[in-house]
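Chemist: Sharing a model that was predicted from the sequence below.
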Amino acid sequence: MHEENKIGDKIKKCSWENCELEGEYRAPKSKSQIREYYYFCIEHVRIYNNSWNYYEGMSDQDVENLVRSDLTWNRPTWPLGKSFDKRPQFDESINLENIHFSNIYNNFDDPFDLMGEHSNNDFIVLNNKVSKFTEEEKRALHKLGLDSSLTIIDLKNRYKVLVKKYHPDVNGGNKNLEETLKQINTSYRLLLKKLSLP
């Protein structure tokens, strides 16, 4: 017998209409009353649980937003690699210009414009060193369909996909695709070397 089902010395009856059995099993009343419970017998709690749908009445986008929010315990987030000024404003009523530390990012030397308007252009940070992609490396990125925010894992995953797509064994020895695969291999090695710099 579940202790929370007792009222003094009395035991609650099953909340199911016309059921006289003991309500040993609790179930939330609704998603808006998640901490308030019905008490059911085993037969009726099974029926109730089978019909329970927390997401009922929510659009696909609402469900997706809820799942994403739950990943960070419903805390605000913003994309990595974005400058301070580009972070979403979670409280539009706050005017950052009136806060004494609001100009903190405007008062330091930023020769590579990492915090400015070009902060997401062609730069990567490797072992605390800023590195700019060469033209050849930019072509390699384009060939592999990647952008400058890639990681080694991104590079390796993309390479695996492209090798499976363009491998001669899959394409009946097509010479054009074989040449494409050679270019992919060259681009991969070049970018892997860049990302593996000490």
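Modeler: Yep, it's here. Numbers count the residues shown, from 1 in each chain.

Chemist: Tell me the helices and strands packed up against the helix ranked longest in the chain.
Modeler: Ranked by residue count under DSSP state H, the longest helix found in the chain is helix 175-195. Contacts defined by 3 or more CB pairs under 8 Å, 6 or more residues apart in numbering; DSSP states H and E place helix 175-195 against strand 123-126, helix 135-144, helix 152-166. For glycine as for every other residue, the C-beta is placed from the backbone atoms N, C-alpha and C.

Chemist: Run through this structure and note the low-pLDDT ranges.
Modeler: 1-9, 78-131, 198 (pLDDT under 70).

Chemist: if we go to 90?
Modeler: Applying pLDDT under 90 to the chain picks out residues 1-12, 30-35, 52-58, 62-135, 137-138, 142, 146-155, 163-181, 192-198.

Chemist: so what are the domain limits for it?
Modeler: 3-51, 76-121, 123-195 (automatic domain parsing).

Chemist: Could you list everything residue 40 pairs with in the sheet?
Modeler: residue 25 (DSSP bridges).

Chemist: For residue 59, give me its contacts.
Modeler: If a contact means CB atoms under 8 Å, 6 or more residues apart in numbering, then residue 59 has no contacts.

Chemist: how close does it sit to residue 30?
Modeler: Separation of residue 59 from residue 30 (CB to CB, to the nearest Å): 18 Å.

Chemist: circling back: turn the helices and strands packed on helix 175-195 into JSON lines, columns for distance to residue 175 and mean neighbour count.
Modeler: Shown next, in JSON lines, are those (distance: least, CB to CB, whole Å; neighbours: other CB atoms under 10 Å):
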{"stretch": "strand 123-126", "distance to residue 175": "35", "mean neighbour count": "14"}
{"stretch": "helix 135-144", "distance to residue 175": "18", "mean neighbour count": "16"}
{"stretch": "helix 152-166", "distance to residue 175": "12", "mean neighbour count": "15"}
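
Chemist: could you dump these to CSV with distance to residue 46?
Modeler: Shown next, in CSV, are the helices and strands packed on helix 175-195 (distance: least, CB to CB, whole Å):
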stretch, distance to residue 46
strand 123-126, 55
helix 135-144, 53
helix 152-166, 43
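
Chemist: Relative to residue 42, which of the ones you listed is closest?
Modeler: With CB to CB as the measure, helix 152-166 is the member of the helices and strands packed on helix 175-195 nearest residue 42 (47.8 Å).

Chemist: Can you give the contact residues for that closest one?
Modeler: Taking CB under 8 Å, 6+ apart as the rule, helix 152-166 contacts 144-146, 150, 170, 177-178, 180-181, 184, 188, 191-192, 195-196.

Chemist: For these, which entry has the maximal number of neighbours?
Modeler: Of all those, the most densely surrounded is residue 191 (23 neighbours; neighbours counted as other CB atoms under 10 Å).

Chemist: In contact with it, which residues?
Modeler: 137, 140, 141, 144, 146, 150, 155.

Chemist: ok, it to residue 166 distance?
Modeler: Distance from residue 191 to residue 166, by CB to CB: 17 Å.
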